[in-house]
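Trainee: Here is my input; please provide its structure:
(one chain, ligands or ions: 1)
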Amino acid sequence: MEKEISKAVISRLPRYYRYLGELMEDGVERISSNELSQKMKVTASQIRQDLNNFGGFGQQGYGYNVKYLHTEIAKILGIDRQHNLIIIGAGNLGQALANYANFKKHGFVIKGMFDINPRLIGLVVRGVEIRGVDDLEKFIVENEVQMAALTIPKTKAPEIADRLVKAGIKAIWNFAHVDLVVPDDVVVENVHLSESLMRLSYRASSLQDQKKKEEKKKR
Ligand code: NAI
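Mentor: Predicted coordinates for the structure are as follows:
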């Protein structure tokens, strides 16, 4: 891509993608930025600005071609192709991820799951077998795996991440509560549900504070 796109724009693209997908399912072929704006509760100018980063895709008086825009966003997000994924740690969270069928719809194919617990090894979750970590490197190479989800305790995560990187993994979806140190050509996306919950808590408590202040003023 010629132009560097801001992280803020990239972070909004999955939401555009989801809405456009829903519009496609409803048989909508085109949509104006105003209509999209009403649906998504984002200003129309924000939408135009965001999509202008990629040459716009819109036409004056016509709006956006939903299917075309959906396809272009998929290309930008790299979800127009298959990504082979493994999950390390087949406990509660690992199995929940493996059970979520929608990843496949977006091109993420779970090739394998790995764990050290002998009671889990050999079990099959949604067609994916849980394996021991001994042959991890071999499996990655043979199955052309590029991505790994880490759902293991934080104390174990750095060591496994090193092994993954050495075996050729280029993207780590990290759920373990630790900041991983990886080479420049490897990307890490941290997912921390509790941080999201804390943000929710912050918003809920500041809303309550605001209400209290307003009530005090009225008195
Ligand atoms: P869990 O205990 O059910 O599963 C962890 C699994 O990892 C176990 O099956 C264990 O045998 C396996 N394991 C441990 N060391 C391993 C190694 N070296 N290689 C392969 N497998 C290994 O725990 P749960 O609830 O699934 O959580 C997993 C991790 O994710 C924990 O570190 C937890 O703190 C974290 N977590 C993060 C969340 C987030 O939002 N980021 C949300 C929930 C959990």
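Trainee: wouldn't P183 be in contact with V165 here?
Mentor: Yes. Using C-beta atoms under 8 Å, P183 makes contact with V165 at a distance of 6.5 Å. Where you see a C-beta, it was placed from the backbone N, CA and C, and this is true even at glycine.
Trainee: check contacts around V181.
Mentor: Contact partners of V181, counting by C-beta atoms under 8 Å, 6 or more residues apart in numbering, are P158.
Trainee: should've said L13
Mentor: D50, I73, I76, L77.
Trainee: Where does the closest residue to the last one other than its chain neighbours fall, secondary structure wise?
Mentor: For L77, ignoring the flanking residues on the chain, the nearest one in space by C-beta to C-beta, 6 or more residues apart in numbering is L13 at 5.8 Å. Using DSSP states H and E, L13 sits within helix 7-25.
Trainee: again with E129
Mentor: E129 belongs to strand 128-131, assigned by DSSP H and E.
Trainee: hang on, the earlier thing: just want to know which of P183 and V165 has more residues nearby.
Mentor: The residue with more neighbours, out of P183 and V165, is V165; 18 against 7, by other C-beta atoms under 10 Å.
Trainee: still on that earlier bit, what packs against the next helix-or-strand element following the strand holding E129?
Mentor: Using DSSP H and E, the helix or strand that follows strand 128-131 in sequence is helix 136-142. On a contact count with 3 or more C-beta pairs under 8 Å, 6 or more residues apart in numbering; DSSP states H and E, helix 136-142 meets strand 83-88, strand 108-114, helix 157-166.
Trainee: can you redo the ones you listed as CSV with distance to V125 and mean pLDDT?
Mentor: Formatted as CSV, the helices and strands packed on helix 136-142 follow (distance: least, C-beta to C-beta, whole Å; pLDDT from 0 to 100):
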stretch, distance to V125, mean pLDDT
strand 83-88, 9, 97
strand 108-114, 6, 97
helix 157-166, 19, 98
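Trainee: Just the pLDDT for the residue of the chain found nearest the ligand.
Mentor: When distances are taken as C-beta to the nearest ligand atom, the chain reaches nearest to the ligand at G91, 1.7 Å away. For G91, the model assigns a pLDDT of 97.
Trainee: All further residue positions should be reported with the first residue as 132.
Mentor: Got it, the first residue is 132 from now on, which makes the last one we talked about G222.
Trainee: got the contact list for it?
Mentor: Contacts of G222 (C-beta under 8 Å, 6+ apart): D246, N248, L251, T282, I283.
Trainee: Which single one of those is nearest to Y195?
Mentor: T282 (37.3 Å; C-beta to C-beta).
Trainee: Tell me which residues touch that closest one, please.
Mentor: T282 neighbours (C-beta under 8 Å, 6+ apart): I218, I219, G220, A221, G222, L224, G225, L228, F306, A307.
Trainee: and what of I252?
Mentor: Listed by C-beta under 8 Å, 6+ apart, the contact set of I252 reads D246, I261, R262, G263.
Trainee: With distance to A335, pLDDT and neighbour count as added columns, please give these in JSON lines.
Mentor: Output for these, formatted as JSON lines (distance: C-beta to C-beta, whole Å; pLDDT from 0 to 100; neighbours: other C-beta atoms under 10 Å):
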{"residue": "D246", "distance to A335": "36", "pLDDT": "98", "neighbour count": "22"}
{"residue": "I261", "distance to A335": "38", "pLDDT": "98", "neighbour count": "22"}
{"residue": "R262", "distance to A335": "42", "pLDDT": "98", "neighbour count": "18"}
{"residue": "G263", "distance to A335": "44", "pLDDT": "98", "neighbour count": "14"}
